[in-house]
Structures are given as structure tokens and as C-alpha cells.
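Colleague: Predicted model follows, preceded by the sequence.
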Amino acid sequence: MTAVAQPRASAWGRLRYRLSVWRREPTVLLGAVLVLILLYLVVAPLIAVLSDAGQVQYGDEEKAGAAAGSVTSFYLWRVFRSPVSQLLFWEPLVHTITVAIGVTLVAFVVGGSMAWLVSRTNVACRGFLSTALVVPYMLPSWTFALAWLSLFKNDRAGGQIGILEAWGVHTPDWLAYGAVPITICLGLHYYPFVFLLFGNALRRIDSQLEDSARILGAGRFTVLRRVTLPLMLPALSSAILLVFGRILGTFGTPYVLGLPVNYTLLSTSLFSAVRNHQQGVASVVTGVIVLIGVAVVLIDTRLVREQTRFVTVGGKGAMDRRSPLGRMRWPATGLGLGVFVVAVVVPVLVLALTTVTRTPGVFRRGNFTLKYWIAEHLDGAPGFPHGVLRGGDLYTAAFNSLRIVGIAALVCGVLGLLVGYVVVRTGGSRLSGVLRQVTFLPYLVPGIAFAAAFLSLFAVRRGPIPALYGSLALLVIVLIVTHLPYSSRSGISAMMQLGREPEEAAQVCGAGWLYRVRRVILPIQKGPLVAGVLLPFVSGLKELSIVIMLTTTGTQLLTTLSINLVDFAYSQMANAVVLVIAVVSFLATYLTQRLSRTSLASGLGG
Amino acid sequence: MRSIRPRSRRSLLRGTAVLALAGLTVAAAGCAPSSAPADGTTKSDAAITATRVDKDFDLNKLVAAAKEEGSVTVYDSTGDVVEAAAAFTKKYGIKAVGVKSKVGDTLQKMTREAAADNVTIDATLYEDGPTFVGELLPQKVVYPWLPGDLVDDIAAKDRTPPQVLQKANVFAYNPKLYPAGCPVHNVWELTDPKWRGKVVLQDPLGKPNIIQLFTQLDSQGDALGKAYRDEYGTKPSGSPAQEWIKKLAANAPILTSSDGDSSAAVGAPNQTKRRIGLFSTAKFRDVKDKGYHLRACEGLQPWSGYLYPKYVGIATHTRHPNAAKLFVHFMYTEAGIGTEMHNGGISANRTIPVAGGIPGLTDWHRDLFAFDSAHLRSDYRKSSDMQDLWRLNHH
């Protein structure tokens, strides 16, 4: 490097040096590219959504007293200060926070304890439980609401009468509707997040760390409190974020379970604003939801700011050992199976029963039928005159779903790990912070609010980006963006546990960056990568609000097929399709794990 | 090699600031369009909302031109459109795709497509009159068109904006639980303590159609006022419609998220609760298919339900203008609109007979409250106030 001495060549030399460093260590470059792309795909639509809050919307000129498009505080006034603000915003805000905290607790207690049982103890049926306990997440969340209502519904709600009510047991309103069932149903739906991420991290903790503590005289509880739990902090905060953030925007379950007692959440308030074309109000409510989410993210960032503390895969040897449960083994197994029964068997059974009964809830001989599955001809449903398994519709839709969501999920997984890599390796830098936050942002924006923005952003050609509306590529891109939070969280928490040593060892031997990624990082991170693909996949398969807005004619997915069947008043067949969705996600998950030759338990990591 | 340093709060703040700044820059650069079309366009311009009728209409020419275009895509809020499209294809040999989509989604999609000049939806059968007249027409997303050869069969009041079909939502009861007939004779009874917690309807805040009923009642509430005098012997203190809506909302009605839930709450085979429900006549197919016990409230004063119209518009920038016109023409003939009348309906084409067959509902014109298209603009303006009225009184 003699050139460095001469000022003229020094700029060129420095650049060449930089380039060669980038080639070896392209983290920063990679990060910069990722940030640019994501700013466009995430921040632009978000601004589009939020800007409606300050502009008079078409049709509101009279009320706002200004021309459409001009700046106004009308919507802010309406949501925060007007006579309806109490019903539109303040009450739902309190409800939302109550429910979100409740659900997070349920998910944490159920998911955390199950993860510990499956990853760190010798509980029986481990293999089975590790797969079975993830299934609740493969069912659309309203399945739980459906099951809950079938059991506990009383005369405050419409629909068929509840099973308990039919037996003469009167269920009180607080048990049938409102905060309690919403919390339980969403908790059961979202605990797999905690289960997956937490279990993943638990399995990677070197038990020697715990042994050392014990050798130094710490009791079991002290070890848990002072060693294990602190090491789990990144995974824990990731999981809590995922659960908390998702609840803020979920409207299906809260709407159905809250409606009979007028229990509204911000998400249901948003839903009715969107339904009634009140974009201004919808935008303000979206803004608040995003703000709450951002506040949670900031807390999370504070919690995990000292990253080096969490490296659990170092260059040193590691041991993974399961503690024997002793006499508690079978009761613990019973507990695990109990969770499985409550969270999977009951809802699936209720759902399955609805598909084979003419009148749901009536268990008489003549009421059972398989026609909704296999009949060659059905009357009364002109658009779908045969059982779901007949005709090509179901298979085409399943194929479309698998193809579109599958591609998106694969890209998501890889991207998530790369994001994790950049965030951790550039730790503490601006780039790391921005990337971390931008990849998580879509998660905080409710899908119904995002859908229209994506449509308007991509329906037109913008600079080098052609009008993507109507193409499958658009659907894939949007699915990637909206599901990246899952895989980036899993990627970040996994990479945080991976020290630099393994990679440095490879570097010393002369391995380039791509080679290192391929031969060192990916093999070590195979478990998290699988999780980073599966979470978006499973969630994408159930995605509806965005899909409905962006598909054009001819692309039927499983979810849109199910919604169409609801319209034909064949709730039996609609539910049958939902079961198919669950089966498809389960099979895909199972096969992926088989093919990647990770045992079922190591879908959780390692 | 840089060592990992602990993340400081300052860098976090800086990160956030950079993010915010980047966001602002993007916004300033105008890359972020408002999610609503900012274009104010013209207001209630009669020239825009006036229905176009081709004077020298020639069906054969239209068919030939449509065949040239090859295909047509139509959005509708009912799944019956799939059958309508199939019938169209069968008749004319032109590929037609019927897509079922919620009115709100159709509105969003068509508006964006028009703004982007990337139109895939050629025409729509559209059930939400207020946004049809309040947004789709004045923003020139669609234009109103009627076939010249059939225009005389369509009543003048149904031409602006062009109406294609009226369907009905009715108050219904369970004849197994009330063998003697409908337990109420006046809609005001539904607001009495006796019926507290026993009236079933879809959540008005989730169903624009019911809000439109409220605004229409507000504009033409004379019959409701007369029914009030019949029931209570006095005059209502304010607007009869608003009074009825307030009292109905305060009477703890059972709200559902779908008509299916409403009809099951009234007439499912194992239902034992005595209720009155308001839902679509389409649900009466469950009487045959699933053994439901349903009957429309015969003789309910001043009406036993309401008719809601479906309008038709052709995308202004469609790439298949003639195929779209031909489809609209088709939907004004029995072969076309018949596909959507299985569960009752009144075609705007007066030569097509009313499809009845709903038990308890004998004369659709006499027994049902009909929306007046002349009030659509005021429906559009009043809808959010009407939602607030419901919201504030609902307990």
C-alpha cells in the first residue's frame, strides 16, 4: 500500500481498500441496500395511510368546512375530542391495552412453559408435542372464536344456540363475550410465537452456564432467575413484541366476540371506519395503533441494548442437556397434552363438526352428511354447485396459495436472516437501528389499513418501478414486506446468540463472505431459518385483507375461496376450506422439517 | 475489525430521527400519494351523473364489437354474478368473469384502477347507492349507461342512476314458535320493552346498507310517523325516523356480523328463543336446504322490510367498452338478471315479472319500503351522522 503515502492516489487507494473490505465484509453495503428498498416498500405506504389523517377526504368537505385535499384537523377532533370520541377512541383504547396485556400474559405463560417442557426436560411425547403445540397458529384466529361461541354463546348473540345453553346451562355475559373470551382465544392463537422463539433460544443455551451457577451453589430457582431468564431476554422480548403487536391490529376475533356486549377495540373501531369509507378516521386510528406499537418497540430496543450479553453460541464447546422431571414427568406430560386438547382438538373438532352437519350443533342421525365435502351436485349454490373436494376449484386455489405464499415465505426467511446478520454485526450503528425498526414496522400496521395504500402505490408506474398491479409478483412482494417482521425478529434473535468466533475462524482460513454465509452461518442457523420461513408461510396462508385488495380476477387463493363460500351461505364448505388451510400449513410445516432433516423438535432450533 | 459496542440511547434516538427524516423526505418528494385520490374533480354535475343512452342502438353491432374485444370482467357483491357471467358466455360466446367482492373493496379497487389508468374491472353491479352517486360517478370512475332498445321498459325514476335490480331485507319471525302469525304488527313495537334484547339485525356500523335505510327513512319518514300515531295515539316529538332509530338502538338489539347469524338466531331448526330478525330474503333458501323456520312478518305496519337497489356502472377507462355494454344489456334481460333473482327480487326492467316466493311476503311493492334514488346524495352526506346517532344511543 505505497499509494497511501501519496495524497493524489490516496482517495483512490482508500476507495479500493474500502471496496475490498466490503467484498470481505459487505455487511454495511448490504444493510444500506436493504434499508433503501424497505423505506420504499414500508415507509411510503405508511405515510400514504397516515397522511389521510390531515387531509379533508372526498365527501367530507361540508363537515370539515374545507375543500377536499386541504389540510384539516377535523379527523383528529372527531377521534379525540368530539362527542363520539369516547365511543370511537378512548374506550376502545383502554380495552385494547387491557386485552393486549392479557393476551401477552396468556401467551407467555402457556408458550413459555410449554417451550421449557419440550426443550429442556424429559417430558414424554416430546416429538409429538413440539409439532402439535404449534398447530393453533395454523388455524385462522376466528376458529377459536367460533369454537368459543359454539360452546358458551347465550341469548345475547345471534347465530345457532350454544351447546351449553342447549343443555340448559346459562352462561353469563362476561364469560360468553368481551374481554375474557377475546383474551383467551387470542392467547391460545398466539402462544405458538412464544413457544417457537422461546424454545428456539432455550435449546441453544449452553447448559454449562447453568452448571457453573449450580456448582457455585445457586439453587434451581436462582439459576432460572439469574442465568437462564436473562439469557432469554432477546427471544422473550421478540416473542412479546410479536404477540403484542399482532393483537393491536387483529379485528376478526374481537369483532365477533365483542359485538354482542358492545366491547370495541381500536382494531374494531378501525374496521368499521374502513367499512364505512371514513378514511380520515381510519387513518387517525391507524396512527394511534402504530404509535402504541412503536412505543413497545422502543421499550424492546432498550431491553436488549447490550447485545454481547446474549451470545450463547460461542467458539467454545456447548452442552445441551435435559433436566429430568422425576415424579413430575407424567403430570407435566398431561399438562402439555391438556394445552394441545384445549388449543387444537376442541377448536378443530368444532370446526370439523360444522362441516358434516346440516344444522350445526344438532347431533341427531339425520343431521350428519358428507355432502359438503364430496357431493357431485349441490342445490342452492350456483357459484359452487358441488362438494369442496369435487371440481378443480379447491386444488387450483391450494396450488396458488402454496406457490405465492411459499415463494414469499422462502424469500422472507433468507431476508430475515440477512437482516438479523446486518443488525447484529453493525450493532449499535444507525444502520442497525433503522433496519431493525423498518423491518418491524409493517407488523404494527393493521392489514386492512395497509391494503389500500399498497394498491395506490403500485397501481401506477413510479420511476424505474413499473405498475405492478395485477401481477402475481406484486402479491409476492407485499406478502414479503408484511411478513418480514416474523423472519427478521427470528433472524435477529438467532444472530444475537451467534458470536463472531465461528465466522472469524472461517475468515482466518481465507473464506469469503458468501462462503462463510453458506458454510458457517446457514448451517448453524438452520433451525431459525426454518422457523423464519415457516412463520411467514403459515401466517401468509391465512392472509386475507391484503390479498383481497391486490388479487385481480382469476387468482383464487384458499382464503378468498373460503370467503366466497361464506357468501354462498355454505358455512359448512367455508369451514371445510379453513380446515384445508390448516391441513396444508401443517403438512407443509411437517414436510419442510422432514426434508431439512431437522427433527420436529429442532424446528424450534438447533 | 470493530468490536460490538453497547447500544446507547443516543444512537437509538439518532436512528429514530434518521428514520423520521427519511420518511419526511420520501413524503416531500411526492413518492407517497395519499391513499385517497386527492383529485377533487367536479361536484354534483348533472352532465356527469346523467345516464347515457345510445340513440341509434344496434344490438347486432354491439355483439360484433364485443366479440372483437374478447372478454369482460364484472364485479358484484353477490356470488350469483358467477352464474350470470357463465350465462353471458354461453349466450354470446364472449369470455365473462364474474367476481364477488364487497362493495367497499370494489369502490377502492375501481377508484385506484381509474387513477392509475390500469383498469381490469370493466363494469360493476353496485349495491351501495350513496357511494355510487357520491364517489364513483362524480369522480368519473364509472359512467352510467342504459341500452337504447330496453330503456323504455325501465321506469324513469330507475334510470338516474341506472338501477338494475331491487332486493329485499325483511323482518322475519319463527312460525314454529309463533304459529298464530307475526307477533308484532307495527315496527314501533320493536322499540318497546317487551322486545328488549330480542330484535336481531346486522351491526349497522359494519353494514352500510342498514345505515342507508336509516338515512332514507330520515328523508321519507311520513309512514313511520303515521305508524307512531297508530301505535301510541300521539305525534312523535322530533323526526319519526330518528326517534325510531334511537329507540331501536337503545332497546339492546342483538347485533350480528352476518345475515346468516341473524337468520339462525330467529329460525334455526333447534331455536327456542322468540325473536324478530331483519335480514335478506336470500336467507329463506335455508328453509328448504336446512329446515329453518322462517316467515316474513305479514301485515307489519308501515312495512315488513325494505327494498334496496343495485346500480350498474361501466368503468370509464375500460378496455372492453362494448363487451361491458353488452353485459349491462344482458343484465336488463331475463336471461341475465334471472340469475340473481333466485331468492326474490324486482328487475328494473318492468317486463320481467317480480320474483317472489317468500312466505309471508305477498306484494313486494306494497309491503316493502323502497329507497328513493333522489335522496342518494343526501344519504351520502348524512351517513356518518347517522352512524353517530346509532353509536351514541346503542346500549
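Modeller: Cool, got the structure.

Colleague: Just the strands from the stretch 151-300 of chain B, written as ranges.
Modeller: B:163-173, B:199-202, B:254-256, B:276-280, B:295-296 (DSSP state E, counting those that start in this stretch).

Colleague: For the longest one, name the packing helices and strands.
Modeller: For strand B:163-173, the contact count by 3 or more Cβ pairs under 8 Å, 6 or more residues apart in numbering or on different chains; DSSP states H and E identifies helix B:259-267, strand B:276-280, strand B:295-296, strand B:305-315, helix B:321-331, strand B:346-347, strand B:368-370 as packing neighbours. All C-beta atoms are positioned from the backbone trio N, CA, C, and that covers glycine.

Colleague: between those, which gets nearest to chain A?
Modeller: Chain A sits nearest to helix B:259-267 of all those, at 3.6 Å, using Cβ to the nearest Cβ.

Colleague: Show me the contact partners of that closest one.
Modeller: A:157-160, A:566, A:569, A:571, B:172-174, B:176, B:200-202, B:254, B:256, B:271, B:273, B:275-280, B:282-283, B:286-287, B:292-294 (Cβ atoms under 8 Å, 6 or more residues apart in numbering or on different chains).

Colleague: Of those, which qualify as buried by neighbour count?
Modeller: With neighbours counted using 16 or more other Cβ atoms under 10 Å in any protein chain shown, the contacts of helix B:259-267 contain these buried positions: A:157-160, A:566, A:569, A:571, B:172-174, B:200-202, B:254, B:256, B:271, B:273, B:275-280, B:282-283, B:286-287, B:292-294.

Colleague: Okay, now the unreliable bits of chain A?
Modeller: Across chain A, the ranges flagged by pLDDT under 70 are A:1-9, A:23-24, A:304-321, A:360-362, A:379-383, A:552-554, A:567-569, A:596-606.

Colleague: In it, which residue sits closest to chain B?
Modeller: Here chain A gets closest to chain B at one residue, residue A:433, 2.8 Å apart by Cβ to the nearest Cβ.

Colleague: number of nearby residues for that residue?
Modeller: 24 (other Cβ atoms under 10 Å in any protein chain shown).

Colleague: same check, this time on the one 3 residues further on
Modeller: Here the count is done by other Cβ under 10 Å, and residue A:436 has 25 residues near it.

Colleague: name the element it belongs to?
Modeller: Taking DSSP states H and E as the criterion, residue A:436 maps to helix A:430-444.

Colleague: Quick one: list the elements packing against that helix.
Modeller: helix A:27-38, helix A:233-249, helix A:279-303, helix A:393-425, helix A:472-496, helix B:9-28.

Colleague: Dump these to CSV, plus distance to residue A:535.
Modeller: Compiled in CSV, the helices and strands packed on helix A:430-444 are given as follows (distance: least, Cβ to Cβ, whole Å):
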stretch, distance to residue A:535
helix A:27-38, 18
helix A:233-249, 9
helix A:279-303, 18
helix A:393-425, 8
helix A:472-496, 4
helix B:9-28, 25
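
Colleague: These: which one's closest to residue B:111?
Modeller: helix A:279-303 (11.0 Å; Cβ to Cβ).

Colleague: and the closest one, anywhere near chain B?
Modeller: Yes. Residues of helix A:279-303 contacting chain B under Cβ under 8 Å from any Cβ of the partner chain: A:279, A:283, A:298, A:301-302.

Colleague: Now the element after that helix, going C-ward?
Modeller: Next in sequence after helix A:279-303, counting helices and strands by DSSP H and E, comes helix A:329-340.

Colleague: Give me the angle between the helix holding residue A:436 and helix A:233-249.
Modeller: 40 degrees (axes from the mean of the first three to the mean of the last three Cα atoms, to 10 degrees).

Colleague: For residue A:570, give its distance to residue A:163.
Modeller: Separation of residue A:570 from residue A:163 (Cβ to Cβ, to the nearest Å): 22 Å.

Colleague: Compare neighbour counts for the two and give me the winner.
Modeller: Neighbour count, other Cβ under 10 Å: between residue A:570 and residue A:163, residue A:570 has more, with 25 against 17.

Colleague: wouldn't that one be in contact with residue A:373 here?
Modeller: No. Judged on Cβ atoms under 8 Å, residue A:570 makes no contact with residue A:373 at a distance of 11.4 Å.

Colleague: before we move on, back to that, got the buried residues for the helix holding residue A:436?
Modeller: Those would be A:430-444, for helix A:430-444 by 16+ other Cβ under 10 Å.

Colleague: What of stretch A:495-511?
Modeller: For stretch A:495-511, burial by neighbour count (16+ other Cβ under 10 Å) applies to A:495-500, A:502-503, A:506-507, A:511.
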